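K.L.:
here is the input, now give the coordinates:
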Amino acid sequence: MTTIERARAADDARDDTDDAVARALRMATARTSDARANDARSRRRRLGDRGAFATETRSVPEPAAAPRGRAFEAMPMDWSLKSSARWTSETSLCWISSLSALASSEGLHEYACGIIPDDWRRLERRKRAFVRGSYSCAFPGETLSDEQCAAMRSTASGGEWMKRREGIWADALVSLYGLLKMSQCYAFYVVYRERTVLFCAPGVGGVDAAGFAVVANSGAKFRRVLLDAAVDFTSADEEAAAIDHAKKEYEKEQEKVWRPEDELAAHRAFLDEGDGTSRAADTVDMTAQLAKMDAPSAARRRAADTIICRGAIAVHGLLNVLLEAAGADPGTSDNAPRDVPMLLAPVPFAHGSMKPLELKVQKNTTAARVDGARTLQSMPSTTLRTTYTAETDRNDFIPPWTLARVCAALSRKHDEYSVAFTTYPHSVGLNAGVRAALNPDDHPRPESYVEERTYYEESEVKRIRSIPPLGESVISRVHYTNATYYIT
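P.N.:
The predicted model follows:
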């Protein structure tokens, strides 16, 4: 067979193959058309038999409702701790659960070393920013339950282990306080089971003179421990603070008038005057008034449970009280075995462990009836609404820097989303405490009070130094749209 004959035979074979493929495609198309026609006839026959109309199912996005709440260009500072958070978006959040190993490692490196990413255009940059924002530093990494603490303390080796744990906790607290004094950590939390203590560096919340600390849900016994240790504090409630100020001024006047060395001479002068309603009556009357003032209503007493230690001496005294308790709550009323309180900070510290914000991403599809929409068979149509959620576990401690950084990372990826929070109940009064720590004569300090400038963004420094815009309230829900945060 010549070369030309072989080429012609190959062309004939290709033509036969093409014809076979074309015949197969025509037969498949015909079968599909017949099947569709049969299905349509069967559908019309069934509908005609039962006298019903057809229902069309479409995937149509639900019209967005108008955002509610106060509008902010950036996430406002809320000093309360959150115990759970739930993000909801119409666009997919699955990229959160599919982070690459490179993005995770680089994001953790950026958090630990304080390197701020300068380019947000690539997806990997967004993932790295999300990883960096989801981390905090905490001690202990895992808390022990009361049953576990009791079992550990029941044995000699377990008791020694618990003592070493308390010693490590004290070292970690001292390390955090040193970072606070060196302006490398602007705030950290000491989270007890019944109260929360917030230590703040100078300049936080607009407070100029010195650092301060806020104790939410302090309790009478905790305040008594501070008084016994000569730690000066005031109440975050204005009326209670005014009463405390009046009592202190009265005690100063009494010390000035009734000095111990002048008591005998004053008593003799009182007897010589013969006036039984003079100074003694005034003293009894003032004491009665102060006792009446010291019995506030239940609502004001709850507000007065948030106290403020302002100034280096008072803050250091509060630190000594916490250290002397060796991890136990100074204001607790029982002696039950408990684990050391949680320490939370935005920067790494001694013995601290990296604590990520773990989110569970889910896809939810719901059906809803659209009023007014009709199909060809005049039956109301149904829409399928798909939403994506990313939710944390319950009973967790989520600090404000984590929420702000995670929301900022999501804002660069999603044009619209919403998030609902659950606030840790024993940290509700922290916003009121930070706001009450500001004196009228305070002047804003230069932004250079944060020495680690590479660790904090300019927006973070501005939020840290700003007076809490929420007053005494806390954030319960955020809706982000059109580059604006709507807070409720």
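
K.L.:
helices of the stretch 151-300 of the chain, residue ranges please.
P.N.:
156-181, 220-228, 238-257, 263-273, 279-293, 298-303 (DSSP state H, counting those that start in this stretch).

K.L.:
who does the first one touch, helix- and strand-wise?
P.N.:
It stands for helix 156-181. Under the contact criterion of 3 or more C-beta pairs under 8 Å, 6 or more residues apart in numbering; DSSP states H and E, helix 156-181 touches strand 135-139, helix 146-153, strand 187-191, strand 196-200, helix 312-324, strand 342-345. From N, CA and C alone the C-beta is placed, and that goes for glycine too.

K.L.:
buried stuff in that helix?
P.N.:
Buried residues in helix 156-181, counted by 16 or more other C-beta atoms under 10 Å: 162, 165-166, 168-170, 172-173, 175-177, 179-180.

K.L.:
highest mean neighbour count out of the helices and strands packed on helix 156-181?
P.N.:
Comparing the helices and strands packed on helix 156-181 by mean neighbour count (mean count of other C-beta atoms under 10 Å), strand 196-200 ranks first with a mean of 26.

K.L.:
so in that sheet, which strands flank that strand, and in what orientation?
P.N.:
Partners of strand 196-200 in the sheet, by DSSP bridges, are strand 187-191 (antiparallel), strand 212-216 (antiparallel).

K.L.:
picking that back up, in TSV: the helices and strands packed on helix 156-181, plus distance to residue 80.
P.N.:
Shown next, in TSV, are the helices and strands packed on helix 156-181 (distance: least, C-beta to C-beta, whole Å):
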stretch	distance to residue 80
strand 135-139	15
helix 146-153	25
strand 187-191	10
strand 196-200	8
helix 312-324	19
strand 342-345	12
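
K.L.:
before we move on, back to that, farthest-apart pair in the buried residues of helix 156-181, please.
P.N.:
Maximum pairwise distance among these (C-beta to C-beta): 26.9 Å, between 162 and 180.

K.L.:
which regions of the stretch 51-200 of the chain sit below the pLDDT cut-off?
P.N.:
51-67, 115-123 (pLDDT under 70).

K.L.:
domains in this structure, as residue ranges please.
P.N.:
What automatic domain parsing lists as the domains of the chain is 70-133+358-487, 139-354.

K.L.:
before we move on, the earlier item: residue 351 is nearest to which of the helices and strands packed on helix 156-181?
P.N.:
Of all the helices and strands packed on helix 156-181, strand 135-139 sits nearest to residue 351, with 5.4 Å by C-beta to C-beta.

K.L.:
report the inter-axis angle for that closest one versus strand 187-191.
P.N.:
Computed by axes from the mean of the first three to the mean of the last three C-alpha atoms, to 10 degrees, the angle separating strand 135-139 from strand 187-191 equals 50 degrees.

K.L.:
and strand 135-139, what does it pack onto?
P.N.:
Using 3+ C-beta pairs under 8 Å, 6+ apart: strand 135-139 touches helix 101-113, helix 156-181, strand 342-345, strand 353-356, helix 400-411.

K.L.:
name the nearest residue to residue 333, ignoring sequence neighbours.
P.N.:
Nearest residue to residue 333 in three dimensions, chain neighbours excluded: residue 221, at 6.3 Å (C-beta to C-beta, 6 or more residues apart in numbering).

K.L.:
residues contacting that neighbour?
P.N.:
Under the criterion of C-beta atoms under 8 Å, 6 or more residues apart in numbering, the neighbours of residue 221 are 330-333.

K.L.:
repeat that for 10 Å
P.N.:
Residues near residue 221 by C-beta atoms under 10 Å, 6 or more residues apart in numbering: 329-333.

K.L.:
just those now: which is nearest residue 472?
P.N.:
Of the contacts of residue 221, the one sitting nearest to residue 472 (C-beta to C-beta) turns out to be residue 331, at 22.0 Å.

K.L.:
from residue 351, how far off is the closest one?
P.N.:
25 Å (C-beta to C-beta, to the nearest Å).

K.L.:
equivalent analysis for residue 145, please.
P.N.:
From residue 145 over to residue 351 the distance is 21 Å, taken as C-beta to C-beta.

K.L.:
higher neighbour count, those two?
P.N.:
residue 351 (17 against 10; other C-beta atoms under 10 Å).

K.L.:
and the gap between that one and residue 219?
P.N.:
Separation of residue 351 from residue 219 (C-beta to C-beta): 28 Å.

K.L.:
kindly report the same for residue 190.
P.N.:
With distances taken as C-beta to C-beta, residue 190 is found 15 Å from residue 219.

K.L.:
low-scoring stretches of the stretch 201-350 of the chain, by residue?
P.N.:
Applying pLDDT under 70 to the stretch 201-350 of the chain flags the ranges 208-209, 238-304.

K.L.:
now with 50?
P.N.:
263, 266-281, 290, 293-294, 297-299, 302 (pLDDT under 50).

K.L.:
dump the strands paired with strand 196-200 into a markdown table; add distance to residue 364 as well.
P.N.:
What follows is those, written out as a markdown table (distance: least, C-beta to C-beta, whole Å):
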| stretch | distance to residue 364 |
| --- | --- |
| strand 187-191 | 32 |
| strand 212-216 | 35 |
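
K.L.:
so which of these is nearest residue 396?
P.N.:
strand 187-191 (11.1 Å).

K.L.:
and the angle from that closest one to helix 312-324?
P.N.:
Angle, strand 187-191 to helix 312-324, by the same axes, to 10 degrees: 40 degrees.

K.L.:
and the angle for strand 187-191 with helix 400-411?
P.N.:
Using the same axes, to 10 degrees, the direction of strand 187-191 lies 120 degrees away from that of helix 400-411.

K.L.:
strand 187-191 versus helix 156-181: what angle between them?
P.N.:
Interaxial angle of strand 187-191 relative to helix 156-181 (the same axes, to 10 degrees): 150 degrees.
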